[in-house]
Structure formats: C-alpha cells, structure tokens
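Chemist: This is the structure alone, sequence omitted:
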RNA sequence: GAAUUCUUCUAGA
C-alpha cells in the first residue's frame, strides 16, 4: 500500500490526476483498501491543480469507505480554496472541522494567515497569529514567512521588523527564503539600504543567496533606475554561479527600458534567448512599452510581429 | 523513522 501511495503521490505532483485516480481504481479492483494517506494525497493533488469539485468528491468517496477526514484532509482542501482565492469557503471549512471535533493545527493557521495576508487583510492575519499561542500551538518559520510577506506587500515595514525580531527571539533560524521575503519587501518599499544590509547579514549567517535573492535586489535597483549598480549585482550573481532565470532578465529589461536605455534592454533580450530562455509575453511587453515611450513605434511593431510569429498572445 | 497538507522573485493598467 505504501508503494501505491508513493506512486499516487508522484503522479499527483506531476499533475497526472487521471492516472492517479486510475491507480486508486486498480487498488480497489485488487481489494486493497486505500487508507487515509492515499485519499489525502489524491485530495491534495486535485486541490493544488484547482480541481476543487473532484477534491470534494474524493472526500465524499473516502467517507463512503468509512474513513473520517483528519486535519490533513481539511488542510489540503483549505489550501485549495485559498489558492483560488476563496477565503470565505475556507473559513466555512474551518468551522466545519471544528464542528466535527477536530482541532486546527499550526498548518491550518498558517494556511489561513497566508490567505488573509496575501489578500491584503493583514489585520485578520495578525489576529490569527495572536491566537496560535493561546491555543497552545507554536508559530513556525512558515507562520512568520506568510505574515511578513503579506505585510511587505502592504508596505507595513515596521510590523515586519517587529515580527522578524519576534521570530528571532523564538530561536527560529532564518533561512534563504526568510531573507528573500525581507529583501524583496524592503527593495520594493524603496529601502535599498535595509535590503543590502539583510543581504550582508545573510552572508554572515552562511546562507547562500539564490536567484530569488538577487532578483529581489535587482528589482529595487531597477525601480530606482540605478542600472550601473544593478549591472554590478548581476555580474556578481553570475560570478558566484547563481543562474539567472527569466524573471532576472525581465526585471533588468524593464529597468533599462525605464531609464530609456533600449540598447541594453534589447541586448538582454537577446542574451535571454542565447541562454536558452524563451522570452514570454512579459519580456516582449516590457520592450515594446519601452520603444513606444521613446516614440519608436516602428521598432515596437517589429517586436510585436516577432511576438506574433512565435504565437505569443499580446497581453 | 521520509507514502499525504502550509511560505519567497518579473511589466503595464
């Protein structure tokens, strides 16, 4: 049964949901009784690809087999609803699981906190955070990540700082992702000094920056039009063996367009192709926008045509 | 005891 579970998990993670369900049918045919983990895996698989209807029908099937959903089943479903932005139904599920005598665990809290925080309701997110300890649970790194990321988006940087301190006081060690959230947040809020300070702190803690870390720094520099510094950082990134991704190029292209340096923007567009990236609609839009702003509409049209040839749809 | 759930990056408008 573990073999079946592993197989179903693998198929679900790859989005091969039909095949995963076929495996479930095969199990039933062979009179192997699927347990709750198998069902939870399937429920989660459908949730993460947005197929909530099927996820709920699997929940029903499971109950039909006499298996009661556990907190993990509910967490998977709440996660699915949160992903499609349906916080209201997520709240209903929360009430339902409590009615059934289950207790929300820290994952349930993290899910709802992220749901509220990333939809801009930082107040509710913070309220839930306060509730965690009252229920005798301990916030995790992920709790802080979800909260800080939401607060960063809203520009509530003083609260971010407080939470980061609170997190350290609990002896939760920051990881690369922690710094990525913070660096990106400060970078976007225009506090490049703080962003670079954290970048240094990250190095002191022997945490290696990844492409997202650099993208965060580049985003701030590009927004401010500090393209010489942005280029230095880009070079440092390459020197340290961190591979840029499509976002890295998009960020830089946009930065060069903003300052009217279309030559560099165009070179990067080319570089992107040479590195094996397919510029997406976004990469084209930025350039086309840049050319338009400079009044170079014929170049913009050429790019638009090229984009169409590649069968990319205009935004 | 590791078969199942949570967190981070890109344009314009």
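Modeler: Now that the structure is in, tell me what you want to look at. Because the structure is predicted, anything quoted here is derived from the model rather than measured.

Chemist: Using the three-state scheme, assign the residue of chain A found nearest RNA strand B.
Modeler: For chain A, the residue closest to RNA strand B is residue A:5, as judged by CB to the nearest atom of the strand, at 1.9 Å. C-beta coordinates here come from the backbone N, C-alpha and C atoms, glycine included. Of the three states, residue A:5 takes helix according to DSSP: H, G, I helix; E, B strand; the rest coil.

Chemist: Same question for residue A:101.
Modeler: coil.

Chemist: Next up, phi/psi of it, please.
Modeler: Reported as degrees, to the nearest 10, the phi and psi values for residue A:101 are phi 90, psi 10.

Chemist: Could you check the pLDDT of it?
Modeler: Here, the pLDDT recorded for residue A:101 equals 94.

Chemist: And it, how far from residue A:111?
Modeler: For residue A:101, the distance to residue A:111 equals 20 Å [CB to CB, to the nearest Å].

Chemist: Give the residue from these two that has the larger number of neighbours.
Modeler: Higher neighbour count among residue A:101 and residue A:111: residue A:111, with 27 against 7, using other CB atoms under 10 Å.

Chemist: so that one touches residue A:78, yeah?
Modeler: Yes: with contacts counted by CB atoms under 8 Å, residue A:111 reaches residue A:78, the gap being 5.1 Å.

Chemist: Overlap of the contact sets of those two?
Modeler: residue A:90 (CB atoms under 8 Å, 6 or more residues apart in numbering).

Chemist: Mind giving me the packing neighbours of the least confident helix or strand in chain A by mean pLDDT?
Modeler: Within chain A, no helix or strand scores below helix A:281-293, which has a mean of 74 by mean pLDDT, DSSP states H and E. Applying 3 or more CB pairs under 8 Å, 6 or more residues apart in numbering; DSSP states H and E, we find helix A:281-293 packed against helix A:246-258, helix A:262-274, helix A:297-309.

Chemist: so which of these is the most packed in?
Modeler: helix A:246-258 (a mean of 23; mean count of other CB atoms under 10 Å).

Chemist: Tell me if that one is near RNA strand B.
Modeler: Yes: contact of helix A:246-258 with RNA strand B (CB under 7 Å from any atom of the strand) involves A:246, A:247, A:248, A:250, A:251, A:254.

Chemist: Next: stretch A:53-69.
Modeler: No: Stretch A:53-69 stays clear of RNA strand B (CB under 7 Å from any atom of the strand), getting no nearer than 10.0 Å.

Chemist: Which positions within that stretch qualify as buried?
Modeler: By neighbour count on 16 or more other CB atoms under 10 Å, the buried set for stretch A:53-69 is A:54, A:55, A:56, A:58, A:59, A:61, A:62, A:67, A:69.

Chemist: ok, which pair from those residues is furthest apart?
Modeler: A:54 and A:67 (17.3 Å; CB to CB).

Chemist: Quick one: residues contacting residue A:199.
Modeler: With CB under 8 Å, 6+ apart, residue A:199 has these contacts: A:179, A:183, A:209, A:213, A:217.

Chemist: could the helices and strands packed on helix A:281-293 go into JSON lines alongside mean pLDDT?
Modeler: Shown next, in JSON lines, are those (pLDDT from 0 to 100):
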{"stretch": "helix A:246-258", "mean pLDDT": "96"}
{"stretch": "helix A:262-274", "mean pLDDT": "92"}
{"stretch": "helix A:297-309", "mean pLDDT": "80"}
